[in-house]
Structure formats: C-alpha cells, structure tokens
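Novice: here is a sequence with its predicted model. Questions after.
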Amino acid sequence: MASTETTAKDSDGGDLAGLEAGLDALETVHTGRRPLRQTLREKVLPPFVAVALVLAVWQALVSFEIVDDPTKLPSPGAVWDVLHQAWLQGELLGYIWTSVSRGLLGFFFALLIGTPLGLLVARVKVIRAAIGPILSGLQSLPSVAWVPPAVIWLGLNNSMMYAVILLGAVPSIANGLVSGVSQVPPLFLRAGRTLGATGLKGTWHIVLPAALPGYVAGLKQGWAFSWRSLMAAEIIASFPDLGIGLGQLLENGRNASDMAMVFEAILLILTVGIAIDLLIFSPLERWVLRSRGLLVKS
C-alpha cells in the first residue's frame, strides 16, 4: 500500500514537473540574433523590389508612349535630374528642413496640448460629454479647411502654419489617449486605489502606462494629420518670407507647369513621411508591444 502511494506521488510530481517545464518553454523568449542574410531577405529586399516595380512600370509608360506627353508624366530620369540639380545648388536640404522643422515643432506643441486634454476628456465625465463629440468632429474635418481662417486671424507667417498643425493634430492625439484610457481594465484601477495610487499618482503610474498602446496609435495618427496640415498650409498660403518648404515647392511646380518639379515635391513629401514613421513611431510602437509581450524580439 505504501509502495502504491509512493508511486502515485512520484507520478504526480513528474506530471507537475513536466507541466512546469512546458510552461517555462512557452514563456522563454528566444533572443538569438537573426542572420544578416535573413534580415536582408525579409526586411530590406521587399521594399526595394516594390520600388523597382513602380519605377519599371513608370518608365514603361513613358518609353512605350502609353503616356506620350512629358508635361503630364515625366520620366524617372527627368525627375532625378531635377532632384540632382537641387542638390548641387544646395537647395534640396533647405526644402526638406523648412518643412520638417515646422512639422516636428508643431507636433511637439500638439503633444503638449493634446495629452492633458485627452486625460481630462477621458477621466472627467462632464468634460467627456461636452467635448468628446467635438473632438471626434474636429478629427474628421479636413485640415485644409483651417488654412483660410488661420491666414485671416494670424496673417502669412509661421504662427499660421503652427496653428493649422495644432488644429489638425491635437484632436487625433487626444482621441487616441481617450481610446487608450477607455480600454484600461477596471481591475487595474481598483488595484491601484488599493495600493494608494489615486489622483495624479494613479494617472501617472496606472492609467498612462496601461493606455500606452492607444496613446501611441494616437501619436502616430497625430503626426500624419500634422504633416498633411502643414503641406496644405504651405500649398495654399505661400509667401516668400516663409521660405520654400515641400508644399511651396509643389505649388511652384504647378504654377510653372513643371511636372518634374511636381513629382520631385511629391517624392520628397512621401520620403519624409516614411522616414519619420520608420525612425520614430515604428520603433516606439514595437517597444510598447514588446514590453507587453505582444511582440517577440527575434
């Protein structure tokens, strides 16, 4: 009888040990460095192939005279020549910096305004009932609609540009934070109150960390809105004293009926938008997901 009980206990212990080992294996994160060849194949090669296909189709449309009017569709070589000439004249970086500096500074101001506004709307029911629908409506309003009143109120200056960026980006940042706070499990809030994390302390240590995924999504969307708002402002409210940004470059190409310059501006606007996303927001989003166990570092 004693032997039977001992055997049963050994069996249960073996089963528990096996179960524990299996759970440990599931939780183990393999952080081995992936080979360079695999990184190039999976991360670098696909976008290069996509760009090459677009350029090939573009060149084919011109070479086979499917679009035979160069004033409507210039060749990739013509656009490259315009880009190269702007680089040699020292103007290319100036175009980019004028717009990027405005966009990043305006987005920083939008961040300072949209974050506390989003917290107020998310945490105070009266403010949420009063302002929540307005923020949603402002987010759906095209940012180009703010350019005429901003010009009338502030004139043709950088303040007008920043005002348009704020009006385009603040609602997205605030709504992203509201959405993130709304998805915080009530259990977290109760646990925080039990541990004494109430008021500002609870907001800083409980609410904001738990709402981070929605907040980062709002930041990403806010940057997209701020960049579009800036381009709309530069296209419509062009003035020599403001300098030539990418939007102004696009408008200059349209006024001169120079499609190569128009495509130059479009490619630069697209490149800057992709670069900001890859350098700032994509790493931030991956860090948030990885910190929550939703993305395994490979």
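Specialist: In hand now; what should we look at?
Novice: okay, now the closest residue to L83 other than its chain neighbours: neighbour count?
Specialist: Counting by CB to CB, 6 or more residues apart in numbering, the nearest residue to L83 once its immediate chain neighbours are dropped is E264, at 5.5 Å. Just so you know, the C-beta spots here come from the backbone N, C-alpha and C atoms, and that holds for glycine as well. Each residue near E264 was counted by other CB atoms under 10 Å, and the total is 26.
Novice: which ones are touching E264?
Specialist: E264 makes contact with V79, V82, L83, A86, L249, G253, according to CB atoms under 8 Å, 6 or more residues apart in numbering.
Novice: over to R228?
Specialist: R228 neighbours (CB under 8 Å, 6+ apart): S143, G168.
Novice: related to what we said a few turns ago, check which helix or strand covers the residue nearest to L83.
Specialist: helix 259-276 (DSSP states H and E).
Novice: most neighbours of all the contacts of E264, which one?
Specialist: For the contacts of E264, neighbours tallied by other CB under 10 Å; top is L249, 27 neighbours.
Novice: what's the spacing between the residue nearest to L83 and S143?
Specialist: 23 Å (CB to CB, to the nearest Å).
Novice: kindly report the same for W223.
Specialist: On the measure of CB to CB, W223 and S143 end up 13 Å apart.
Novice: returning to that earlier point: can the contacts of E264 go into JSON lines with extra columns for secondary structure?
Specialist: Formatted as JSON lines, those follow (DSSP: H, G, I helix; E, B strand; the rest coil):
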{"residue": "V79", "secondary structure": "helix"}
{"residue": "V82", "secondary structure": "helix"}
{"residue": "L83", "secondary structure": "helix"}
{"residue": "A86", "secondary structure": "helix"}
{"residue": "L249", "secondary structure": "helix"}
{"residue": "G253", "secondary structure": "helix"}
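Novice: need the helix or strand of the chain with the lowest average pLDDT.
Specialist: helix 2-27 (a mean of 50; mean pLDDT, DSSP states H and E).
Novice: for the stretch 151-298 of the chain, give me the ranges with low pLDDT.
Specialist: 197, 199, 293-298 (pLDDT under 70).
Novice: mind listing the strands in the stretch 101-250 of the chain by residue range?
Specialist: With DSSP state E, counting those that start in this stretch as the criterion, the stretch 101-250 of the chain has no strands.
Novice: got the contact list for P171?
Specialist: So P171 contacts G114, L135, S136, L138, Q139, F225 (CB under 8 Å, 6+ apart).
Novice: before we move on, the earlier item: CA atoms only: put the helix holding E264 into CSV for me.
Specialist: In CSV, the C-alpha atoms belonging to helix 259-276 read as follows (Å, rounded to 0.1, in the frame of the first residue of the first chain):
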residue,chain,number,x,y,z
MET,A,259,5.7,68.2,-63.8
ALA,A,260,9.2,67.1,-63.0
MET,A,261,9.3,69.6,-60.1
VAL,A,262,5.8,68.5,-59.0
PHE,A,263,6.9,64.8,-58.9
GLU,A,264,10.1,65.9,-57.1
ALA,A,265,8.0,67.5,-54.4
ILE,A,266,5.6,64.5,-54.1
LEU,A,267,8.5,62.1,-53.8
LEU,A,268,10.2,64.2,-51.1
ILE,A,269,6.9,64.6,-49.1
LEU,A,270,6.4,60.8,-49.3
THR,A,271,10.0,60.1,-48.4
VAL,A,272,10.0,62.4,-45.3
GLY,A,273,6.7,60.9,-44.1
ILE,A,274,8.0,57.3,-44.4
ALA,A,275,11.3,58.2,-42.8
ILE,A,276,9.7,59.8,-39.7
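Novice: any idea how far I134 is from the spatially closest residue to L177 that is not a sequence neighbour?
Specialist: Excluding the flanking residues, the one nearest L177 by CB to CB, 6+ apart is G118, at 3.1 Å. Noted for G118: a distance of 13 Å to I134, by CB to CB.
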